[in-house]
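> Structural data only, the sequence is not supplied:
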């Protein structure tokens, strides 16, 4: 029997949306850079522009995306892996129109899944009720992130830096660490957050870009800066709740630039394809870690 017309239309809409999936990993060298607030504000701006946005949150505790928004997250990707909950039951809708997938616990076991469990997780993403065309990954800060492994080969990495000298140092150290383990990764995007003025932000970026070019042979791209805003200290997203501030306008400009980035022509697109890449990278990362540990004995 032929599918109903509305089911065909819905399937076509999902196919069109998923064919142009964009993935951005947002990271930082350490804490207190405003990374999570940046993710929330960019997700809000993208959602308000009509994008279907999923935030994958690798962070745990009081500083993760859901906690920052005052949303209770009782489930995690791990519950999907264990088959205790469906993916749609774990994903949380935010008041600003984007979706949140808490993944802090689940990310720690992805590299150890059986083939059956991997197929289950991929199937869950393939049949996700909500169409997704943008994924923002709020990666755990520094080298503790498991998400960076999948971002390295095909997706864009955005590093959030504050004017604090420690933030600049740790951001450079993170970029150096990534380049040391993945020689083909030669381009990073930089957002200067909590800047006193554009001149300060540009000076910080220019210094970082010069050092990275001379010592790491990598290029840094200045995505923009976000001015210091007392409301950001409250940990709230600013593009929706406080739309008239200078910081909200800055986040909207950065979100507009994200939306204009083209997808790589050779990238397998679609949220389930992304999950396959994540599982493969996590498995390879676990194998490399095990081999390193064995060799160190």
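On my side now, so go ahead. Fair warning: this is a prediction, and the values are worked out from it, not measured in the lab.
> Mind giving me the packing neighbours of whichever strand or helix holds residue 54?
For residue 54, the element it lies in under DSSP states H and E is strand 53-57. For strand 53-57, the packing partners by 3 or more CB pairs under 8 Å, 6 or more residues apart in numbering; DSSP states H and E come out as helix 35-48, helix 65-68, strand 99-102, strand 134-138. C-beta: built from backbone N, CA, C; applies to glycine.
> continuing past the helix or strand of the chain with the lowest mean pLDDT, what's the next helix or strand?
For the chain, counting by mean pLDDT, DSSP states H and E, helix 5-18 ranks last in confidence among helices and strands (a mean of 43). Next helix or strand after helix 5-18 toward the C-terminus (DSSP H and E): strand 22-27.
> Helix 35-48 and the strand holding residue 54, what's the angle between them?
If you take axes from the mean of the first three to the mean of the last three CA atoms, to 10 degrees, strand 53-57 sits at 160 degrees to helix 35-48.
> partners of strand 53-57 in the sheet?
Strand pairing for strand 53-57, determined by DSSP bridges: strand 99-102 (parallel), strand 134-138 (parallel).
> Name the residues of the helix or strand following the first one that are buried.
This means strand 99-102. Next helix or strand after strand 99-102 toward the C-terminus (DSSP H and E): helix 104-107. For helix 104-107, a neighbour-count test (16 or more other CB atoms under 10 Å) marks 104, 106-107 as buried.
> swap in stretch 110-127?
110-111, 113, 117-118, 121-122, 124-125.
> show me where the stretch 51-200 of the chain has helices.
65-68, 77-81, 87-90, 104-107, 115-126, 148-154, 165-181, 198-215 (DSSP state H, counting those that start in this stretch).
> Out of those helices, which gets the lowest mean score?
Note on those: helix 148-154 shows the lowest mean pLDDT, a mean of 58.
> Where does pLDDT dip in this structure?
Residue ranges of the chain with pLDDT under 70: 1-20, 144, 146-154, 230-244, 263-270, 272, 280-297.
> Find the centremost residue of it, please.
residue 137 (1.6 Å; CA atoms, centre = their mean).
> re earlier: mind checking which of the helices and strands packed on strand 53-57 is nearest residue 211?
Among the helices and strands packed on strand 53-57, the nearest to residue 211 by CB to CB is helix 35-48 (21.2 Å).
> which residues sit against the closest one?
Residues outside helix 35-48 that contact it (CB atoms under 8 Å, 6 or more residues apart in numbering): 26-28, 53, 55, 59, 63-65, 68-69, 94, 96-98, 134, 136, 138, 141, 160, 191, 193, 226, 232, 235-240, 247-248, 251-252, 254-256, 258-259.
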